[in-house]
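Colleague: A predicted structure for the sequence below; I have some questions about it.
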Protein chains: 2
Amino acid sequence: MFVSLKLILAMDEFALIEHFFKIPAIQRADVVYGIGDDAACLTVSSNHQLFVSTDTLVAEVHFLSSWDAYDIAWRAVMVNVSDMAAMAVYPCWISLALTLPYYDEHWLNRFAKGLHAALHQFNIALIGGDTTRGPLSITLTIHGTAPIGVAIPRSGARIGDTIWVSGDLGGAAQAVAFFKQNNENVSEPILLDKLKRPCPRLDLLPFLRLYASAAIDISDGLGADLNHLCQRSSVGACITSKAIPIHPLVKQYQGLNAIDFAINGGDDYELCFTTSIKNTRLFMDALAQTQHRCYPIGVIEKKSGLRILNEQLEINELIIHGYCHF
Amino acid sequence: MFVSLKLILAMDEFALIEHFFKIPAIQRADVVYGIGDDAACLTVSSNHQLFVSTDTLVAEVHFLSSWDAYDIAWRAVMVNVSDMAAMAVYPCWISLALTLPYYDEHWLNRFAKGLHAALHQFNIALIGGDTTRGPLSITLTIHGTAPIGVAIPRSGARIGDTIWVSGDLGGAAQAVAFFKQNNENVSEPILLDKLKRPCPRLDLLPFLRLYASAAIDISDGLGADLNHLCQRSSVGACITSKAIPIHPLVKQYQGLNAIDFAINGGDDYELCFTTSIKNTRLFMDALAQTQHRCYPIGVIEKKSGLRILNEQLEINELIIHGYCHF
């Protein structure tokens, strides 16, 4: 989804492009919110809302064309499913726009198998799309519906809310680092799976709906995505360095640099969400009765921007730098 | 939208790709119809349906990157709006996936202007999307809603129905021919507008809803698209050569070959639709009271396949050949 201009200027001139589309040509009463959240929210009946999100994956940018097409399809679906998870909405339907440089039956068979397997996992119907000849890229548009009022937007974080992440961070970025070093065969299939087979956290939806005030998925990196959430909520945040769950293999490979991978590495597709002062204890109690683990990493503050409490108990401004997939 | 395999085998191995996605991984009760029509039809409430269609435009395939970006955006929107028109559904929302090779402020300004102007024309809200770096392409996913029962699918044509087209054909293909001859500056802005500024026929929606039994938009060519309509309706058709409205400039430039441009040339985005025996006269009477012109070109028959009555009053099988944009 389109992200905010302010952060972008610090990140990547390319993301700035989205600025050009922010001035709405048309305001419609049935658009509850459009550009700026994980998915657009649209009124479709007196008691239900429709959620729509689009993600494009370009070869050599978001994946390598040398990958098994099964994994490419899987990743494309899951990246989109994660946008629905971030809204606490169950996905229903997906449309596929596939651009391919040439006809390759083996590739297509693998891609279709991966696509169908991924859709099957979450009971999502493929409803149509378009196939064109051109440089390899995949655009999926995913749809979900929910009763009015149950979805969790980015904009609901309030001062004093606890900030949570749903799992270990940095693993996918470590896998990307291996690829960049031509170190593909490093014996860490766990990390490669983090990158190629992300698991969007639909399993947390019942908790989000009951306890969360705001949520976003971590695709660009914890720092960048928490910043999106704070900007949409008109708040700031302070997170605690040692509370951030870092993937153990990232610690092993990166040592002191591991925290940077956890904060600025993208592609993990865990969730970052907030719980109100009232709900935090209720959420912890509910969580304790399950196998799920979530990690409280900080608190929402009035002052805009992101800060981090380091191991020396100093509070510094959190430096966010752009995350490039490949 | 994905088209039928049978026709594809006669057209373009590339379109065959869609075969791989036809085996549904998931059947959902809320999918009224998915792959195979101009748009998917989905149940969103007890009295409304959602319609979704996706089209990708790739540079040098569907447009030339040398074009004014205003025109590229305009065309991208209108191609998608036409899919809604073909269902007799008013479009509401669109999401944009834009892939660009590099940051070009002038290009983006022009593209955004064209996009907003096109969306403004039909009261469509831009609800989100994704911007990525890569070879230039544009994927739009368009959404519309309609009360249950008012949309016109491809599948409703019945034996004896009259076949109509909504306007002159072949003009856009003639413009493509000029481009292929590097004849861009030929003094026929009318034809270039046919290609660059298609006008989807939303103006005909009230008539379609009242009188049409089946409808499709003419993007791949009259022959190919009528064939899609007939296959979805399990019928065939016979059309009359001299009844087909050919753009006068195509006649001028192509002479005897003009009929081939009208039948096999794509990109016109007129509508092809059918009216039942009972409704045909009512439709003609209603049309006569307006400025609209539509052209009866043939009749739906039991025998599958397409036939054409030529000027010598011979009936031959209609030869469809694939249409390549550029």
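Modeller: Received, thanks. What you are looking at is a predicted structure, and each value in this text was computed from that prediction instead of being measured. Numbers count the residues shown, from 1 in each chain, chains lettered A, B, ... in the order given.
Colleague: burial measure for A:Lys22, as a count.
Modeller: Applying other Cβ atoms under 10 Å in any protein chain shown, we find 14 residues neighbouring A:Lys22. From N, CA and C alone the C-beta is placed, and that goes for glycine too.
Colleague: Make sure it is actually in contact with A:Ile35.
Modeller: Yes: between A:Lys22 and A:Ile35 there is a contact at 6.0 Å, judged by Cβ atoms under 8 Å.
Colleague: Need the three-state assignment for the residue in the stretch 151-300 of chain A positioned nearest to chain B.
Modeller: Closest residue of the stretch 151-300 of chain A to chain B, Cβ to the nearest Cβ: A:Ser219 (10.7 Å). Put simply, A:Ser219 is coil when judged by DSSP: H, G, I helix; E, B strand; the rest coil.
Colleague: Show the end-to-end separation of stretch A:318-326, please.
Modeller: 24 Å (Cα to Cα, to the nearest Å).
Colleague: And chain B, is it touching that?
Modeller: No: on the criterion Cβ under 8 Å from any Cβ of the partner chain, stretch A:318-326 is out of touch with chain B, staying 9.6 Å away.
Colleague: Touching that stretch from outside, list them.
Modeller: For stretch A:318-326, the external contacting residues (Cβ atoms under 8 Å, 6 or more residues apart in numbering or on different chains) are A:7, A:10-12, A:60-64, A:173, A:176, A:179-180, A:220-221, A:223-224, A:227, A:239, A:263-267, A:305-308.
Colleague: and whichever helix in chain A runs longest, anywhere near chain B?
Modeller: The residue-count maximum for a helix in chain A (DSSP state H) belongs to helix A:69-87. No: Helix A:69-87 is not in contact with chain B by Cβ under 8 Å from any Cβ; minimum separation 9.7 Å.
Colleague: for that helix, packing partners?
Modeller: Where contact means 3 or more Cβ pairs under 8 Å, 6 or more residues apart in numbering or on different chains; DSSP states H and E, helix A:69-87 is packed against strand A:48-58, strand A:91-100, helix A:105-121, strand A:137-147, helix A:189-196, strand A:212-217.
Colleague: now the longest one and strand A:91-100, what's the angle there?
Modeller: By that I understand helix A:105-121. 170 degrees (axes from the mean of the first three to the mean of the last three Cα atoms, to 10 degrees).
Colleague: Pull out the buried positions in helix A:105-121.
Modeller: By 16 or more other Cβ atoms under 10 Å in any protein chain shown, the buried positions in helix A:105-121 come out as A:107-108, A:110-116, A:118-119, A:121.
Colleague: same thing with the fourth one?
Modeller: Applying a neighbour-count criterion of 16+ other Cβ under 10 Å, one finds A:137-146 buried in strand A:137-147.
Colleague: Mind jotting down where the strands sit in the stretch 201-326 of chain A?
Modeller: Using DSSP state E, counting those that start in this stretch, the strands of the stretch 201-326 of chain A run over A:212-217, A:236-240, A:271-275, A:295-301, A:305-309, A:315-317.
Colleague: for the fourth one, which positions count as buried?
Modeller: Neighbour-count burial for strand A:295-301 flags A:296-301 (criterion: 16+ other Cβ under 10 Å).
Colleague: What's the PyMOL line that selects buried ones from the contacts of stretch A:318-326?
Modeller: A single PyMOL command selects the buried members of the contacts of stretch A:318-326 (16+ other Cβ under 10 Å):
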select buried, chain A and resi 7+11+12+61+62+63+64+173+176+179+220+221+223+224+227+239+263+264+265+266+267+306+308
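Colleague: related to what we said a few turns ago, mean pLDDT lowest where, among the helices and strands packed on helix A:69-87?
Modeller: Among the helices and strands packed on helix A:69-87, helix A:189-196 carries the lowest mean pLDDT, a mean of 87.
Colleague: So what's the model's average confidence on stretch A:170-186?
Modeller: 81.
Colleague: which residues sit against that stretch?
Modeller: Residues contacting stretch A:170-186 (Cβ under 8 Å, 6+ apart): A:64, A:188, A:190-192, A:194-196, A:198, A:221, A:246-247, A:249-250, A:253-254, A:258, A:261-262, A:264-269, A:323, A:325-326.
Colleague: ok, back up a step: save the helices and strands packed on helix A:69-87 as JSON lines, and put in distance to B:Ser82 too.
Modeller: Listed next are the helices and strands packed on helix A:69-87 as JSON lines, based on distance: least, Cβ to Cβ, whole Å:
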{"stretch": "strand A:48-58", "distance to B:Ser82": "20"}
{"stretch": "strand A:91-100", "distance to B:Ser82": "16"}
{"stretch": "helix A:105-121", "distance to B:Ser82": "27"}
{"stretch": "strand A:137-147", "distance to B:Ser82": "18"}
{"stretch": "helix A:189-196", "distance to B:Ser82": "37"}
{"stretch": "strand A:212-217", "distance to B:Ser82": "34"}
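Colleague: and A:Ile72, what does it touch?
Modeller: Contact partners of A:Ile72, counting by Cβ under 8 Å, 6+ apart, are A:57, A:63, A:111, A:114, A:138.
Colleague: these two touch, right, the third one and A:Trp67?
Modeller: No: in this structure, A:Phe111 sits apart from A:Trp67 without contact. The criterion is Cβ under 8 Å, and the distance is 10.5 Å.
Colleague: I'd like to know how far A:Leu192 sits from B:Thr56.
Modeller: Applying Cβ to Cβ, to the nearest Å, the value for A:Leu192 to B:Thr56 is 30 Å.
Colleague: number of nearby residues for A:Ile319?
Modeller: A:Ile319 is flanked by 12 other residues according to other Cβ under 10 Å.
Colleague: whoops, A:Pro206 was the one
Modeller: A:Pro206: 12 surrounding residues under other Cβ under 10 Å.
Colleague: and if you look at the one 10 residues further on?
Modeller: Neighbours of A:Ile216 under the rule other Cβ under 10 Å: 30.
Colleague: likewise A:Tyr90?
Modeller: Around A:Tyr90 there are 17 residues (other Cβ under 10 Å).
Colleague: got it, and A:Trp67?
Modeller: By other Cβ under 10 Å, 18 other residues sit near A:Trp67.
Colleague: For it, grab phi and psi.
Modeller: When read as degrees, to the nearest 10, the backbone of A:Trp67 gives phi -70, psi 160.
Colleague: Who are the contact partners of the nearest residue to it once chain neighbours are set aside?
Modeller: Spatial nearest neighbour of A:Trp67, chain neighbours left out: A:Lys196 (6.8 Å); criterion: Cβ to Cβ, 6 or more residues apart in numbering or on different chains. Contacts for A:Lys196 (Cβ under 8 Å, 6+ apart) come out as A:67, A:71, A:74-75, A:175.
Colleague: Taking the residues you listed, please make a ChimeraX selection of just the buried ones.
Modeller: Filtering the contacts of A:Lys196 down to the buried ones (16+ other Cβ under 10 Å) takes a single ChimeraX command:
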select /A:67,71,74,75,175
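Colleague: From the contacts of A:Lys196, pick the one nearest chain B.
Modeller: Closest to chain B out of these is A:Trp74 (12.4 Å), distances taken as Cβ to the nearest Cβ.
Colleague: ok so, going back, neighbour-wise, which of A:Leu192 and B:Thr56 wins?
Modeller: B:Thr56 (25 against 21).
Colleague: distance of the more buried one from A:Thr131?
Modeller: Taken as Cβ to Cβ, the span from B:Thr56 to A:Thr131 is 8 Å.
Colleague: now, which of the buried residues of strand A:137-147 lie close to chain B?
Modeller: Filtering those for neighbours of chain B using Cβ under 8 Å from any Cβ leaves A:137, A:139, A:141, A:143, A:145.
Colleague: so can I have a markdown table of these showing distance to A:Ser95?
Modeller: Converted to a markdown table, these look like this (distance: Cβ to Cβ, whole Å):
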| residue | distance to A:Ser95 |
| --- | --- |
| A:Ser137 | 15 |
| A:Thr139 | 9 |
| A:Thr141 | 5 |
| A:His143 | 8 |
| A:Thr145 | 15 |
